[in-house]
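J.: Here is a sequence together with a model predicted from it:
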Amino acid sequence: MKRDVRILLVGEPGVGKTSLILSLVSEEFPEEVPAKAEEITIPADVTPEKVPTHIVDYSSQEQDEQHLRDEILKAHVICVVYSVDDEATIEKITSYWIPLIQKVMPEEQSKKPIVLVGNKSDILESSSMDSIMPIMNAYAEIETCVECSAKTLKNISEVFYYAQKAVLHPTAPLYLPEEKELTPRCKTALTRIFKICDQDSDGILNDREIYQFQRRCFNVPLQPQALEDVKAVVRRHLPDGVLRDGITQRGFLFLHTLFIQRGRHETTWTVLRKFGYDDNLNLSKDFLWPQLKVPPGCTTELTHQGYQFFVDLFDKFDEDRDGCLSPTEITNLFSTCPIMPWGPDVNNSVCTNAHGWITHRGYLAQWTLTTLIDVTRTLEYLAHLGYMYEHDNQLSAIYVTRDKKIDLDKRQTSRNIFQCRVIGPKGVGKTVFLQGLLNRNLQYLKTLNPDNFSHYAINLVPVYGQERYLLLHEIDVGLADTLNASELNCDVVCLLYDVTNPKSFEYCARMYKQYLMDSQMPVLIVGCKAEHHAVLQDYELQPEDFCRKYGLSPPQIVSCLDRINRDVYIKLATMAAFPHLRSSFQTKSTLWLRAGVGLAILAGLGYILMRVLRRT
């Protein structure tokens with residue numbers, strides 16, 4: 001809603017524009033009327049809508065047409081004033097003033113609301129509405145017409161009230177007067193609101209849901225008798241508007257149509273704005289994307305409230321209670337969103353059932369993944385899905401972790417998600433390794449469409465008795481064999497080599513020595529395709545010797561042909577959760593190496609000493 005309202009009065013000379021403004025301010029008809037009134041500002045506390053209002057006069061005697069055009073562009077609403085006793089001023093509405101306003105407005109902007117003001121009603125006993133109604137029906141931007149008298153002060157305040165209302169609660173975005181029905185955009189918005197409020201997803205707003213809706217939108221309780229009266233009105237006009245003593249979606253839309261037809265636009269606008277809509281019936285940017293600061297080194301996760309919202313949403317749309325979302329159930333869940341946020345690759349990023357339907361576990365994992373790599377998208381869909389129906393904004397659903405450097409210094413972390421970059425030469429089996437995290441073997445992968453494979457896989461793994469999310473991200477290094485800073489911004493790195501390819505390990509050794517050797521990053525080397533016979537690697541050191549030399553954990557050998565061994569994923573998550581163990585491992589390795597050498601020397605000296613003593 002606009003923070004202020006700017007009203008421009010235009011019309012033929014002598015119709016009483018200036019007199020209307022002066023009569024409003026002084027509450028009496030001025031004896032002497034200047035050619036033009038100065039711009040006045042009415043404070044917010046004395047206006048019905050509690051919004052500052054600026055009233056601007058136009059005089060053809062003192063201003064040229066360019067000045068008029070500038071004022072039209074700046075105005076929020078235009079009052080076209082005519083004299084009820086002068087047909088020529090009425091004719092000018094359609095022959096000059098409305099065409100001029102339409103011409104001045106840029107094509108990409110919506111039409112400027114217009115209020116027709118028939119002044120000097122004290123002169124005629126009859127009304128001018130017979131002449132005005134055809135004009136109102138011909139131009140959708142005309143909000144209303146008010147007949148008044150600056151001389152007797154009749155309806156003076158109403159003129160500016162309706163002008164203000166035309167800005168704050170415009171009719172055009174909501175209603176089509178000729179068709180006598182809601183605009184398509186208004187229907188879409190109200191349908192989304194109905195679905196959010198229909199918390200049991202049965203297509204009907206029961207009494208409890210209506211009471212909650214009333215409190216949320218208007219902050220006042222709805223009396224039981226008032227609710228019964230509303231239902232009676234809907235039944236009388238729309239038999240299927242009330243079913244099982246609840247209001248249906250059609251009944252909900254009918255009620256708002258009735259509000260608008262009875263001039264209560266503010267009721268519908270209050271509802272729309274409570275659910276984030278702007279004057280053009282788009283969800284506002286502030287509603288979709290509240291400001292969230294994520295400092296360098298920090299990540300974003302879902303809070304308990306965020307997870308609980310998504311759990312409740314899953315339960316609401318899992319109609320058959322099978323713990324999975326079928327394609328129909330997924331479509332229903334996202335019916336309040338402009339587009340489906342998930343593509344076919346999602347089913348290959350998280351756990352699914354045998355039909356490829358996303359499970360409860362996979363569903364939460366996908367939102368965890370989205371929140372980590374694209375938190376603005378999570379914020380947007382929290383808004384679309386109705387998180388703010390019970391919360392002030394989406395920020396209560398998001399947790400910003402502390403800087404990773406602090407975790408390293410304190411040797412502990414509260415993070416729930418650990419990122420692992422999976423790096424290896426082409427054909428080594430990175431995709432198979434990612435799918436193994438989802439308990440999928442090579443045989444199952446052959447049944448999938450390779451075009452839908454994802455570069456991500458995420459699942460829960462145990463870390464010392466607590467389940468944490470491990471996110472595997474396949475890095476396609478390509479021909480350049482280079483890694484940038486963002487690709488190395490993670491918690492652990494997994495270097496893959498093919499045990500059947502003698503040239504494979506050289507790549508891992510080169511990547512480690514070039515990018516990882518001097519970092520504090522935990523690194524695990526993994527040999528894939530263990531179901532085949534392993535060959536010697538054409539490198540100066542075999543993988544076991546390489547790991548021993550550089551203080552790394554021994555290489556893990558895995559196979560994804562049949563049964564998936566999850567130990568390697570648990571090890572990766574544990575290394576990510578406790579990165580200081582790498583330096584500890586190196587220190588212990590060196591210590592034991594030195595101790596071993598020392599013991600060997602002592603043993604050798606003891607043996608020589610014994611020989612000498614025996615000879616003596």
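T.: Arrived safely.
J.: The nearest residue in space to Trp269 that is not next to it in sequence: how many residues sit nearby?
T.: Once flanking residues are discounted, Trp269 sits nearest to His169: 4.5 Å by Cβ to Cβ, 6 or more residues apart in numbering. Every C-beta, even on glycine, is put in place using the N, C-alpha and C of the backbone. By other Cβ atoms under 10 Å, the residues close to His169 number 25.
J.: Surely His169 and Leu272 touch.
T.: No: counting by Cβ atoms under 8 Å, His169 stays clear of Leu272, with 9.8 Å between them.
J.: What segments of the stretch 451-600 of the chain are strands?
T.: Counting by DSSP state E, counting those that start in this stretch, the stretch 451-600 of the chain has strands at residues 456-463, 466-475, 492-498, 523-528, 556-557.
J.: could the ones you listed go into a markdown table alongside mean pLDDT, distance to Pro99 and mean neighbour count?
T.: Below are these laid out as a markdown table (pLDDT from 0 to 100; distance: least, Cβ to Cβ, whole Å; neighbours: other Cβ atoms under 10 Å):
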| stretch | mean pLDDT | distance to Pro99 | mean neighbour count |
| --- | --- | --- | --- |
| strand 456-463 | 97 | 57 | 21 |
| strand 466-475 | 96 | 60 | 20 |
| strand 492-498 | 96 | 68 | 25 |
| strand 523-528 | 96 | 73 | 24 |
| strand 556-557 | 94 | 78 | 18 |
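J.: And those: which comes nearest Ile101?
T.: Among those, the nearest to Ile101 by Cβ to Cβ is strand 456-463 (53.2 Å).
J.: Convert that closest one to PDB, retaining C-alpha atoms only.
T.: Taking C-alpha atoms only, strand 456-463 is exported to PDB below (Å, rounded to 0.1, in the frame of the first residue of the first chain):
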ATOM      1  CA  TYR A 456      24.200 -33.100  -6.300                       C
ATOM      2  CA  ALA A 457      23.200 -35.800  -3.900                       C
ATOM      3  CA  ILE A 458      22.100 -35.300  -0.300                       C
ATOM      4  CA  ASN A 459      21.200 -37.700   2.500                       C
ATOM      5  CA  LEU A 460      21.400 -38.200   6.200                       C
ATOM      6  CA  VAL A 461      24.400 -40.100   7.600                       C
ATOM      7  CA  PRO A 462      25.300 -40.900  11.200                       C
ATOM      8  CA  VAL A 463      28.100 -39.000  12.800                       C
END
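J.: partners of that strand in the sheet?
T.: Next to strand 456-463 in the sheet, as set by DSSP bridges, lie strand 466-475 (antiparallel).
J.: Arg273 - how many residues pack around it?
T.: 17.
J.: likewise the one 3 residues further on?
T.: By other Cβ under 10 Å, the residues close to Gly276 number 20.
J.: what's the answer for Gly14, then?
T.: Gly14 has 12 neighbours, counted by other Cβ under 10 Å.
J.: what separates it from Cys508, distance-wise?
T.: Gly14 is 90 Å from Cys508, where distance means Cβ to Cβ, to the nearest Å.
J.: Distance to Glu540 for the strands of the stretch 451-600 of the chain - can I get that in TSV?
T.: Shown next, in TSV, are those (distance: least, Cβ to Cβ, whole Å):
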stretch	distance to Glu540
strand 456-463	33
strand 466-475	25
strand 492-498	15
strand 523-528	15
strand 556-557	21
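J.: so who does the residue nearest to Trp269 touch?
T.: Applying Cβ atoms under 8 Å, 6 or more residues apart in numbering to His169 gives the contacts 265-266, 268-269.
J.: Show me where the chain dips below the pLDDT cut-off.
T.: Scanning the chain for pLDDT under 70 picks out 1, 108, 478-480, 581-616.
J.: now do 50
T.: 583-600, 602, 612-613, 616 (pLDDT under 50).
J.: Just give me the residue closest to the centre of it.
T.: Nearest residue to the geometric centre of the chain (Cα atoms, centre = their mean): Glu380, 0.2 Å.
J.: For that residue, what are phi and psi?
T.: For Glu380, the backbone dihedrals (degrees, to the nearest 10) come out as phi -60, psi -50.
J.: pretty sure it is in contact with Phe287, am I right?
T.: No: using Cβ under 8 Å, Glu380 makes no contact with Phe287, being 9.5 Å away.
J.: Now for these two: what residues contact both?
T.: When Cβ under 8 Å, 6+ apart defines a contact, no residue borders Glu380 and Phe287 alike.
J.: still on that earlier bit, let me know the distance separating the closest residue to the residue nearest to the centre of the chain other than its chain neighbours from Glu390.
T.: In space, Glu380 comes closest to Leu288 once its chain neighbours are excluded; the distance is 4.9 Å by Cβ to Cβ, 6+ apart. Leu288 sits 18 Å away from Glu390, going by Cβ to Cβ.
J.: okay, the two: which has more neighbours?
T.: Each of Leu288 and Glu390 has its neighbours counted (other Cβ under 10 Å); Leu288 has more, 17 against 12.
J.: which residues does that one contact?
T.: 276, 379-380, 383-384.
J.: Out of those, which is nearest to Glu319?
T.: Checking these one by one against Glu319 (Cβ to Cβ), the nearest turns out to be His384, at 20.6 Å.
J.: Is it correct that the closest one falls within a strand?
T.: No: secondary structure of His384 (DSSP: H, G, I helix; E, B strand; the rest coil): helix, not part of a strand.
J.: residues near it, how many?
T.: Around His384 there are 20 residues (other Cβ under 10 Å).
J.: if I look at the closest residue to it other than its chain neighbours, how far off is Leu302?
T.: By the measure of Cβ to Cβ, 6+ apart, the closest residue to His384 outside its immediate chain neighbours is Cys337, 4.2 Å from it. Distance, Cys337 to Leu302, using Cβ to Cβ: 18 Å.
J.: between these two, which one's more packed in?
T.: More crowded of Cys337 and Leu302, by other Cβ under 10 Å: Leu302, with 24 against 14.
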